[in-house]
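# Got a predicted model here, sequence first, then my questions.
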Amino acid sequence: MDRRIRVLLAKPGLDGHDQGAKVVVRALMDAGFEVIYTGLRQTPEAVANAALEEGVDVIGLSSMAGSHLPFCRKLRVLLERHELTDRLWLVGGNIPAQDHDALRELGVKGVFAAGSKLDDIVTFIKANVQ
């Protein structure tokens, strides 16, 4: 790839815990990615619109509040509407193991529970961005 990988990272819903997301943003930047961090309390519409406007390769959500499934269900519809389903979609944070399959069925390619190694996230993105 001749250009930098562009990553959108957002905090969905009312989740007010963003320390982990900021650590991931820094790690991705250090790995050479261009990162757009939307900050706290994003709606599915805001995430989809930002992904479309920014022309990102990766859409990442950091969720610690347990609203990841309903948020992703809404986001999936918007990604389809904007023809963004080919983007690499990741979800990280407080994601119970029993939710991983449901997220993958929605189109999430990578699920990174709290405590995941930053190098694993970087490697996964590099291996999966077309």
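Perfect, I can see it now.

# dump the residue contacts of Val58.
Val58 makes contact with 5-8, 33, 87-90, 125, 129, according to CB atoms under 8 Å, 6 or more residues apart in numbering. The way it works is simple: take the backbone N, C-alpha and C, and place the C-beta from them, glycine included.

# my bad, His82
By CB under 8 Å, 6+ apart, His82 lies in contact with 48-49, 51-52.

# closest to Leu78 among those?
Checking the contacts of His82 against Leu78 by CB to CB gives Ala48 as the nearest, at 3.7 Å.

# how about the contacts of Val58, which pair is most distant?
Pairwise distances across these peak at 15.4 Å for Phe33 and Trp89 (criterion: CB to CB).

# Compare the two and say which is more crowded by neighbours.
Legend: neighbour count by other CB atoms under 10 Å for Phe33 and Trp89, higher for Trp89 (23 against 20).

# A strand includes the more buried one, no?
Yes - according to DSSP: H, G, I helix; E, B strand; the rest coil, Trp89 belongs to a strand.

# Which among the contacts of Val58 count as buried?
Neighbour-count burial (16 or more other CB atoms under 10 Å) is assigned, among the contacts of Val58, to 5-8, 33, 87-90, 125.
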